[in-house]
Structures are given as structure tokens and as C-alpha cells.
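Q: no sequence on hand, only this structure:
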């Protein structure tokens with residue numbers, strides 16, 4: 001049985017004193033501004049709740065205890081808990097539902113889908129993607145896969161090839177590599193449209209962040225065949241490494257995209 005208990009945090013005052021001691025504030029009197037290493041109380045609560053998500057204490061789609069319950073359990077104020085939950089929601093790890101509560105984000109939710117999918121239709125479509133797997137196999141990891149996924153030389157990976165459509169228009173070929181040891185049996189199951197939901201529910205691996213690199217390329221013969229266009233057609237390549245809650249690189253994804261009817265949207269803050 002999964003142990004869902006964890007040590008309560010100290011009180012607000014104790015946590016602040018601990019942060020001051022670690023940062024050296026306790027020895028420097030009232031020196032507070034610009035202190036290296038000081039971590040606000042709500043960020044410490046954030047880290048505690050984040051660990052529970054990483055440990056799969058709460059499953060995707062599951063409702064969290066109320067702010068009052070969490071505050072009492074952690075020994076902090078309800079306002080501190082609310083601020084930590086707001087930060088986790090801003091990071092798309094939680095979802096607030098008016099009148100219902102706070103839930104663990106499910107990557108099948110529209111909000112979560114578009115957190116990582118930056119392709120949008122040029123017109124007025126919804127932009128919702130669909131996918132079809134065209135190949136899947138396990139093999140020894142290549143040098144590039146070992147580098148992207150931080151794997152040892154003897155590691156094996158599962159490679160997934162699929163095509164995706166946005167608003168029913170075929171426009172993306174994806175080649176996805178994951179460590180076979182992290183995702184046992186994934187090559188033998190029917191894959192859903194949203195892989196990140198599968199990673200979370202079946203393997204307890206929640207994608208927290210991703211690093212992407214964009215590049216203009218010409219379609220190779222295989223991609224051209226799958227997208228039903230001539231080889232050499234200009235395309236956008238998105239090279240993504242997905243990072244889980246434990247800060248491990250767990251997926252490398254190359255997406256080759258036709259951009260006649262879609263664009264890549266990035267919101268800068």
C-alpha cells in the first residue's frame with residue numbers, strides 16, 4: 001500500500017527561522033534584502049507538495065485536500081498554502097475548478113494539452129490534435145538518444161513513430177524515444193493520443209517542463225511519404241526533451257511539421 005503520510009512542516013515562524021539560519025541571516029541581524037539562499041515559505045510548501053506529486057501520492061485528475069486541511073497538516077497558514085497552490089497551478093501541475101476544488105492536472109485536459117503543444121491553426125479551428133502510430137520498436141540507444149536522455153552506453157530505448165493532424169489536417173511526423181527501463185511494456189500497449197497522460201497514469205512519471213529547439217529543415221523521404229507531400233518540402237523541426245518532476249530527461253521527441261496551415265505560438269512573459 002502506498003504510504004500517503006509525510007512529516008509536517010514546522011510552523012511559519014520555525015520555517016522562517018530555518019531559512020534565515022541557512023542563508024546566514026541569523027548571524028547578520030536584520031540583513032534580509034538580497035540574501036543568497038533565502039527561500040520564501042510558500043516555496044518550501046510548493047516543494048513539499050511537488051514531492052507528493054512526484055511520488056504519485058495524488059493521481060492525475062484526483063482532487064487535493066482543501067486549503068484548510070493542507071494548512072493544518074503542514075503547520076502553516078491557509079494563505080501560504082493558497083500561494084503555493086497558485087504557483088503549482090501556474091506551472092500547469094494543478095487545475096482549479098470553480099466550486100469543486102483543486103485537482104492534479106491530467107494531460108488529457110485541454111489546458112494541459114496546450115501547455116506543451118504550441119502548434120496552432122492559422123484559421124479559426126480548435127487546434128486539437130489527433131495521432132496515429134506508424135511504428136514502434138525497442139532497440140539499443142543511439143549516441144544522440146543517450147546524450148538527450150542521459151543514458152548509459154548499454155541502455156535500450158523504445159522508439160515511437162506517429163503522424164499527427166491538427167483540426168483533421170495531417171501536418172506532423174513525430175519520432176519519440178524513451179528509456180525502455182523507465183517505461184516497461186510500452187511497446188506492447190495501444191498508445192493514446194496524449195502520451196504524457198499515459199506516462200503519468202501507468203508509469204507514475206509526470207512531465208513538468210520541456211526544452212525545445214526550433215529549426216527550418218527540408219523533409220526527408222520518410223517524413224514526406226507519411227505526410228503525403230514531395231521530399232524536400234520546407235518544414236519546421238521541433239526538438240524537445242521532456243523533463244519529469246524529479247528533473248530527469250525522460251523523453252526525446254523530434255516533430256517535423258508542415259506549416260502551410262499552422263504556426264508555432266510562443267507566449268513570452
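A: On my side now, so go ahead. These numbers come from a predicted model, not from an experiment. Numbering: from 1, shown residues only.
Q: tell me how far the closest residue to residue 101 other than its chain neighbours lies from residue 215.
A: Nearest non-adjacent residue to residue 101, counting by CB to CB, 6 or more residues apart in numbering: residue 63, 4.9 Å away. Backbone N, C-alpha and C define where each C-beta goes, glycine included. Noted for residue 63: a distance of 41 Å to residue 215, by CB to CB, to the nearest Å.
Q: next: residue 228.
A: 22 Å.
Q: what do you get for residue 101?
A: Distance, residue 101 to residue 215, by CB to CB: 42 Å.
Q: those two: who's more crowded?
A: residue 101 (13 against 10; other CB atoms under 10 Å).
Q: domain parsing for this structure?
A: 2-104, 110-264 (automatic domain parsing).
Q: okay, the ones you listed in CSV with mean pLDDT next?
A: Below are the domains of the chain laid out as CSV (pLDDT from 0 to 100):
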stretch, mean pLDDT
domain 2-104, 71
domain 110-264, 93
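Q: and the gap between the closest residue to residue 266 other than its chain neighbours and residue 225?
A: The spatial neighbour of residue 266 that comes closest, neighbours along the chain excluded (CB to CB, 6+ apart), is residue 118 at 6.1 Å. Distance, residue 118 to residue 225, using CB to CB: 25 Å.
Q: quick one: buried residues of the strand or helix carrying residue 224?
A: In this assignment (DSSP states H and E), residue 224 forms part of helix 221-227. Residues 223, 224, 226, 227 are the ones in helix 221-227 that count as buried (16 or more other CB atoms under 10 Å).
Q: can I get those in TSV with distance to residue 180?
A: Output for these, formatted as TSV (distance: CB to CB, whole Å):
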residue	distance to residue 180
223	25
224	29
226	24
227	28
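Q: just the residues you listed now: which is nearest residue 198?
A: Closest approach to residue 198 among the buried residues of helix 221-227 (CB to CB): residue 226, at 22.0 Å.
Q: wait, what's in contact with residue 209?
A: Going by CB atoms under 8 Å, 6 or more residues apart in numbering, residue 209 touches 242, 243.
Q: ok, for residue 165, nearest residue in space, not its chain neighbours?
A: residue 130 (5.1 Å).
Q: thought residue 193 was touching that neighbour, still the case?
A: Yes: contact status for residue 130 versus residue 193: in contact at 6.1 Å, counting by CB atoms under 8 Å.
Q: more neighbours: those two, which one.
A: Ranked by neighbour count (other CB under 10 Å), residue 130 and residue 193 place residue 193 first, with 16 against 12.
Q: no more questions from me, cheers.
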